[in-house]
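A.B. asks: model this:
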Amino acid sequence: MNPASNPWPVVELRQYTLHPGRRDDLVELFEREFVETQEACGMRLFGQFRDLDDTDRFVWLRGFAGMDARAAALGAFYGGPVWKAHRDAANATMIDSDDVLLLRLANGSSFPATLPSPVLHVTVSHSCLLTVDGSQATGRQPSTILTLLETEPSENTYPALPVRTGEHLFVALGAAPAAVASPLQRLRLEPTRRSAMYFSPA
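C.D. replies: Numbers count the residues shown, from 1 in each chain. Sure thing, here's the model as predicted:
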């Protein structure tokens, strides 16, 4: 895919640390109130996930048409009636919601409509030489890497929502862990019921 033709080139990878036992409460509220309402404001929700190795972590991805569009979409949603009606309930489940990577699609990547396995593997690294089974993900992605992203260097256009700064990172989403030296983080994620990315067994 030509990156210029991708309608959602800017992506947030959001990781929330929740109060013990509150993840299902947030998932239920999120999927009832925040999916269609965010997309109506000009965003694309790529997926919501439970972390299989941390019962108190909720991970999700959303995309934007560009940095200016991101500012407009976030302003519309967080200034709108649905968030105002439910923000206290959502925030009550969270210890921290500021672990956010602002990314852009790399090497012509796109998001898959379905996942080839029940678990989505996420690898965060300083290196762009993300490999799976010895195949480099630069230029041409190996089949086990579904999506490759890298840090979006633009200034945060919606400072009310912090993002991590001062680091250039690469993020691989795959059907298997990316075999990269000294990864900063590995996640094993299970899609929630209404995740746009989901496993569809043959």
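A.B. asks: Going by C-alpha atoms from here, please, whenever you check contacts or count neighbours.
C.D. replies: Fine.
A.B. asks: list the contacts for Gln48?
C.D. replies: Counting by CA atoms under 8 Å, 6 or more residues apart in numbering, Gln48 touches Phe58, Val59, Trp60, Leu61, Pro191, Thr192, Arg194, Ser195, Ala196, Met197.
A.B. asks: pLDDT value on it, please?
C.D. replies: With respect to pLDDT, Gln48 scores 98.
A.B. asks: related to what we said a few turns ago, most neighbours among the contacts of Gln48, which one?
C.D. replies: Ranked by the number of neighbours (other CA atoms under 10 Å), the contacts of Gln48 place Phe58 first, at 25 neighbours.
A.B. asks: show me the contacts for it.
C.D. replies: Neighbouring residues of Phe58 by CA under 8 Å, 6+ apart: Gln15, Tyr16, Thr17, Leu18, Arg23, Gln48, Phe49, Arg50, Asp51.
A.B. asks: how close does it get to Ala40?
C.D. replies: With distances taken as CA to CA, to the nearest Å, Phe58 is found 22 Å from Ala40.
A.B. asks: Same list (the contacts of Gln48) but as a markdown table, adding distance to Gly80, pLDDT and secondary structure.
C.D. replies: Formatted as a markdown table, the contacts of Gln48 follow (distance: CA to CA, whole Å; pLDDT from 0 to 100; DSSP: H, G, I helix; E, B strand; the rest coil):
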| residue | distance to Gly80 | pLDDT | secondary structure |
| --- | --- | --- | --- |
| Phe58 | 23 | 98 | strand |
| Val59 | 23 | 98 | strand |
| Trp60 | 21 | 98 | strand |
| Leu61 | 20 | 98 | strand |
| Pro191 | 27 | 97 | strand |
| Thr192 | 25 | 98 | coil |
| Arg194 | 22 | 97 | coil |
| Ser195 | 23 | 97 | coil |
| Ala196 | 23 | 96 | coil |
| Met197 | 26 | 94 | coil |
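A.B. asks: between the residues you listed, which is nearest Thr165?
C.D. replies: Leu61 (17.8 Å; CA to CA).
A.B. asks: how far away is the closest one from Val10?
C.D. replies: From Leu61 to Val10 the distance is 10 Å (CA to CA).
A.B. asks: okay, and the common contacts of the two?
C.D. replies: With CA under 8 Å, 6+ apart, Leu61 and Val10 have no common neighbours.
A.B. asks: Which of the helices or strands spans Asp98?
C.D. replies: strand 94-105 (DSSP states H and E).
A.B. asks: Direction included, what does that strand pair up with?
C.D. replies: strand 10-18 (antiparallel), strand 145-151 (antiparallel) (DSSP bridges).
A.B. asks: Next secondary structure after that strand?
C.D. replies: strand 120-125.
A.B. asks: So which residues lie in contact with that next one, not counting its own?
C.D. replies: 169-178, 180, 182-191.
A.B. asks: hmm, which of the residues you listed are the buried ones?
C.D. replies: Among those, those classed as buried by 16 or more other CA atoms under 10 Å are 169-178, 180, 183, 186-191.
A.B. asks: For stretch 114-129, output the C-alpha coordinates as PDB.
C.D. replies: Provided in PDB are the C-alpha atoms of stretch 114-129 (Å, rounded to 0.1, in the frame of the first residue of the first chain):
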ATOM      1  CA  THR A 114      -8.600 -10.000  10.700                       C
ATOM      2  CA  LEU A 115      -5.800 -11.600  12.800                       C
ATOM      3  CA  PRO A 116      -4.300 -15.000  11.800                       C
ATOM      4  CA  SER A 117      -4.000 -16.100  15.400                       C
ATOM      5  CA  PRO A 118      -5.900 -15.500  18.600                       C
ATOM      6  CA  VAL A 119      -3.000 -13.500  20.100                       C
ATOM      7  CA  LEU A 120      -1.600 -10.300  18.700                       C
ATOM      8  CA  HIS A 121       2.100  -9.900  19.500                       C
ATOM      9  CA  VAL A 122       3.500  -6.400  19.900                       C
ATOM     10  CA  THR A 123       7.200  -5.600  20.000                       C
ATOM     11  CA  VAL A 124       8.600  -2.200  20.900                       C
ATOM     12  CA  SER A 125      12.200  -1.500  20.000                       C
ATOM     13  CA  HIS A 126      14.800   1.100  19.200                       C
ATOM     14  CA  SER A 127      15.800  -0.800  16.100                       C
ATOM     15  CA  CYS A 128      14.100  -0.800  12.800                       C
ATOM     16  CA  LEU A 129      15.700  -4.200  12.000                       C
END
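A.B. asks: Noted, bye for now.
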